[in-house]
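1. Got a sequence here, can you model it:
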Amino acid sequence: MYKKVAIFLQMIKFEHTVFALPFAFMGALIGNVAIHQQLPSWAQIGWVLLAMFGARSAAMGLNRLIDRVSDAKNPRTSNRAIPAGLLQIGEVLLFILASFAMLFLAAFMLDPLAFKLLPIAVIMLVAYSYTKRFTWLCHVVLGLTIALAPLGAWAAVTGVVDWTAIVFFITITFWIAGFDIIYSCQDVDFDRKEGLYSIPVRFGVAKSLKIARVFHIITALGFIALLLMTNLGGWYIAGMVIAYLILFYEHYIVSPDDLSRLQTAFFTMNGVLSIVVFSFTLIDLVVRYY
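-> Numbering: from 1, shown residues only. Below is the predicted model of the structure:
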């Protein structure tokens, strides 16, 4: 039993939750303070957590199911649960349905607007895995999909989606898309061979890293816009400065001729960035509203 649970957690890359979950909490925090001038309740945070777990588990299960054939051909992914025979297709389908059930229950218990927006989330979660079969903009689609987490959390605790929420959504979209471009550079040869689409396949590794830098400059500007559109203060600014340093270091350690530290740039740095920005924003808001 425990071994099977561990295999499912490995399949959905549970540790990668640190990318989106802190920003989902951040969306709930900033949104509720901006609209209702108070922090969200513990119950709201709990339902947001369940929604995030359900959405992300469903998305990763779908991705592993849809990509199982290409994963089996790629030496980097051939040991994943489905191509390795550790999980059967029927088991993964049940896991996906259970994950969507968690997402739907959490959205129902939050604001009606969150429940009304569910079809958009489900379409994006299902469609993303197919985009690399026909467009090199798949990284942006991934960014749009994952950025629904903070946008959805914002809507779930406030019942509205305003321009500040949209700016936050765009900021996270380009952050995700930027580091996904960097990550996909390692698969450029395999993707070309299999006829898959990506920005590295379309433009080459060198230009792709430059495009990722532009995306992360947009992210940096988005953090500033968020500061100007809200009552966030000194603690948020401190977290934002650290985030800038992390983004600079992330791009500094990878180059077209040396992708050996790509995992550090992708996982470690981005995980640290999301936790840092969330933590400093939390302190900023708790100091004034708790």
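2. And the contacts of stretch 13-30?
-> With CB atoms under 8 Å, 6 or more residues apart in numbering as the test, stretch 13-30 has contacts from 39-40, 44-45, 48-49, 52-53, 56, 60, 146-147, 149-154, 156-157, 164-165, 168, 172, 176, 226, 230, 232, 267, 270-271, 274-275, 277-279, 281-282, 285. Backbone N, C-alpha and C define where each C-beta goes, glycine included.
3. ditto for stretch 227-241
-> For stretch 227-241, the external contacting residues (CB under 8 Å, 6+ apart) are 30, 33-34, 163-164, 167, 223-224, 226, 276-277, 279-281, 283-285, 287-288.
4. and if we set it to 6 Å?
-> Contact with stretch 227-241 is made by 34, 164, 223, 276-277, 280-281, 283-284, as judged by CB atoms under 6 Å, 6 or more residues apart in numbering.
5. ok, how many other residues are close to residue 276?
-> 19 (other CB atoms under 10 Å).
6. How about residue 74?
-> Using other CB under 10 Å, residue 74 has 17 neighbouring residues.
7. For it, which non-adjacent residue is closest in space?
-> Nearest in space to residue 74, with sequence neighbours left out and distances taken as CB to CB, 6 or more residues apart in numbering, is residue 190 at 5.2 Å.
8. Next one: that neighbour relative to residue 157, how far apart?
-> As for residue 190, its distance to residue 157 is 42 Å (criterion: CB to CB, to the nearest Å).
9. quick one, which of the two is more surrounded?
-> residue 157 (26 against 16).
10. who's in contact with the helix or strand containing the more buried one?
-> If you go by DSSP states H and E, residue 157 is part of helix 148-158. For helix 148-158, the surrounding residues in contact (CB under 6 Å, 6+ apart) are 20, 23-24, 27-28, 31-32, 35, 40, 44, 48, 52, 110-111, 113-114, 121, 161, 165, 168-169, 172.
11. Filter those residues down to just the ones in helices.
-> 20, 23-24, 27-28, 31-32, 35, 44, 48, 52, 113-114, 121, 165, 168-169, 172 (DSSP state H).
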